[in-house]
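Colleague: Pasting a predicted model and its sequence here:
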Amino acid sequence: MDNKRLLIAAVLSMAVLFVWQMLFPPPEATPPPRPAVSAPAAGASATAPSGGATLPGTAAAATGAPASDPAAASAANAGVTPAAPVLPPVAATEERREVLENDALRAEFSNRGATLVSLRVKGMNGAAGSPGGELELVAPRKEGPLPFALLGPGGESLAANGALFVATRETTKEGERLRFQYRDGQGEVEKSFLLGPDGRMEIVVAAPALPGFNLLLGPGLRARTAEELASRFELRRAVWSAAGEVETHDPAKANELLELPGETLNWVGLEDTYFLTAVVPLEPVAKARFRPVLLVPAGEERTFDARPVPAPPAEIAATDKDLARDFTLEIEARQGRLAATSYWGSKQLDRLTAMPYGLDKTVQLGMFGFLARPLLYSLQWIYANVVSNYGWAIVLLTIVLKIVLLPLSISAFKSMRKMQLLNPKMQAVRERWKGKLRDKNGRFNSDAQRQMNEEIMGLYRSEGVNPAGGCFPMLIQLPVFFAFYSLLSSAVELWRSPWIGWIHDLTASDPYYVLPIVMGLSQIIQQRMTPAPPDPVQKRLMQFLPVVFTIFSLGFASGLVLYWLTNNILTIAQQKIYNSIKDHEPKVEVVTAKGGGRKGTGS
């Protein structure tokens, strides 16, 4: 009986289990995520939907959305933690170009790596000085990553740079935002760009799977010829502001990686003589690195590929020692995110001063900057209100400066006239001491020389003559000259600005040396009209000065030579008027120290 009951219980249990399995089947096992497709070779096209580059790093984070399938709910009810849902891949099927544009910039991006292919600054002067042109700031290259590419800690290009991102646009109150997104089974990268006013661009990069990525800028700025790269007048530097102080570094002197801590970094960038790209972090960054590179000609005009400078103790190959150098800039993100405002454009002083970042300190006007700034503002005012030509603006400003300095010139003329009248007495003193300056053995008598000089200085005091009075206007003009020099070497406002005929760029030297030669001739004419100094050493020095000025001016900016030539012409006219006044002065007799008399002209 017991065996019969046991058999019935077993049959009923099996029936219950069978019916339970029929009514409540077990959940199906979640399939493992599909392996990501490996990175395509550079230039190869990706296939949809999973075509693209594998992102190294951790898997993508869960979105936090509740599970929608019954299996996940059942697992949750059973106390089992559900697996993170696998987000669908996001990738484009082909390479495309996307453009952002406003009144200041035109930026062209490639969705391959979401990198910057071209950035043109608007409103720049053309090659022949015609305003309204566009200037390219992205240096062309045949190979190597483009700006906004992602790099590893050693400067190596990451696989995400070969991925085909999906581009979307969003209209905001600040403007149109261009967003690039790419996702595969290993992670996600998102980049967004927005053009702001006055050459600014907002950059946001998020890559949780790449917490220590580096954002690339450079190498350098602009497309240059080999001649421009070799010129000593072409400035190329790393520039940054840390704790309020602006510092620079020359690539020609850099042999090692320059690393800057992110804690004190206000902004960091690359500059040349007239243009600047600077990144202002909106969130703290880990580091910034300037990597020196050699610019290797790539077979096309203005096209160079960057090759890292070998770190010491390795030496540069003999064939590479003459190659031009520049920097790439790598900004290391924190926790897989980088947000920054960047500036791309010319180093216009008023524009940079209006920004709250201190970028105006990149305009290096030298020790005479206190004069160069008002000179620049004056030139801009004349250009905007009087004559729309910076060459003629320089001429008009020189005339104004000459009028302002006229009282000093008149004082110098009077001092030189007094020196002329005093010259016979000075010659008499020298004649009297001439035989005493050397002893019988021909040795120099320093005591006699000192006594003669004391007597001459006493003569100056008794007659009320300042021997340096005639040189004072020249000394006053030298700071103005150097201020013009620094102005024309740094002010982009005058870059590629024409004057007349063959002068297409006031910041460049005269290609035919016409202005320097004419300036040298005017210097000789001016010197012959000016009374010669009584001191023979000074006289020889003054005769040699026109030759020196002419030689140096051959390489000066034509705008600087134009200023000096205009100043010489005005001085010649001024001296002619002075000489005319002198010729109408009454004749007076000047008594020499010996009691003799010589005729001279009085004032």
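Modeller: Everything's here; your move.

Colleague: Give me the below-cutoff pLDDT ranges for the chain.
Modeller: Low-confidence segments of the chain, defined by pLDDT under 70: 1-85, 126-132, 313, 467-474, 531-538, 582-603.

Colleague: Could you list the domains of it?
Modeller: Residue ranges for the domains of the chain, per automatic domain parsing: 97-362, 375-421+469-601.

Colleague: Could you save the ones you listed as CSV and add columns showing distance to A428 and mean neighbour count?
Modeller: In this view, the C-beta of every residue, glycine as well, is placed from N, C-alpha and C. Listed next are those as CSV, based on distance: least, C-beta to C-beta, whole Å; neighbours: other C-beta atoms under 10 Å:
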stretch, distance to A428, mean neighbour count
domain 97-362, 52, 18
domain 375-421+469-601, 4, 17
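
Colleague: export those domains to TSV and tack on distance to L87?
Modeller: Shown next, in TSV, are those (distance: least, C-beta to C-beta, whole Å):
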stretch	distance to L87
domain 97-362	6
domain 375-421+469-601	47
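
Colleague: For P89, find the nearest of these.
Modeller: domain 97-362 (5.2 Å; C-beta to C-beta).

Colleague: Endpoints of that closest one, how far apart?
Modeller: 33 Å (C-alpha to C-alpha, to the nearest Å).

Colleague: D103 should be in a strand, yeah?
Modeller: No - D103: not assigned to a strand; according to DSSP: H, G, I helix; E, B strand; the rest coil it is coil.

Colleague: contacting residues around it?
Modeller: K122, P197 (C-beta atoms under 8 Å, 6 or more residues apart in numbering).

Colleague: now what about stretch 542-558, what contacts it?
Modeller: Residues contacting stretch 542-558 (C-beta under 8 Å, 6+ apart): 485, 488-489, 499, 503, 505-510, 513, 515-517, 519-520, 523-524, 527, 532-533, 560-561, 564.

Colleague: Does anything pack onto the longest helix seen in the chain? Which helices or strands?
Modeller: Secondary structure of the chain per DSSP state H: the longest helix is helix 406-433. With contacts defined as 3 or more C-beta pairs under 8 Å, 6 or more residues apart in numbering; DSSP states H and E, the packing partners of helix 406-433 are helix 446-463, helix 472-490, helix 558-583, strand 587-591, strand 597-601.

Colleague: at 6 Å instead, please
Modeller: On a contact count with 3 or more C-beta pairs under 6 Å, 6 or more residues apart in numbering; DSSP states H and E, helix 406-433 meets helix 446-463, helix 472-490.

Colleague: which element is P310 on?
Modeller: According to DSSP states H and E, P310 maps onto no helix or strand at all.

Colleague: where's the residue nearest to it when sequence neighbours are not counted relative to V309, distance?
Modeller: Sequence neighbours aside, I316 is the residue nearest to P310 in space, at 5.9 Å (criterion: C-beta to C-beta, 6 or more residues apart in numbering). Note on I316: its distance to V309, by C-beta to C-beta, to the nearest Å, is 7 Å.

Colleague: distance of G345 from A230?
Modeller: 25 Å.

Colleague: try I503
Modeller: From I503 to A230 the distance is 23 Å (C-beta to C-beta).

Colleague: which one is K436 nearest to, not counting chain neighbours?
Modeller: A448 (4.3 Å).

Colleague: And for Q364?
Modeller: In space, Q364 is closest to S490, 5.7 Å off (C-beta to C-beta, 6+ apart).

Colleague: Can you name the residues that contact that neighbour?
Modeller: V363, Q364, L365 (C-beta atoms under 6 Å, 6 or more residues apart in numbering).

Colleague: residues near the first one, how many?
Modeller: What that stands for is V363. 23 (other C-beta atoms under 10 Å).

Colleague: same thing with the second one?
Modeller: As a burial measure, Q364 scores 18 neighbours (other C-beta under 10 Å).

Colleague: Which phi and psi values does it adopt?
Modeller: phi -90, psi 100 (degrees, to the nearest 10).

Colleague: circling back to that earlier point, gap between the residue nearest to K436 and P88?
Modeller: Distance from A448 to P88, by C-beta to C-beta: 103 Å.

Colleague: what about the two, which has more around it?
Modeller: More crowded of A448 and P88, by other C-beta under 10 Å: A448, with 16 against 8.
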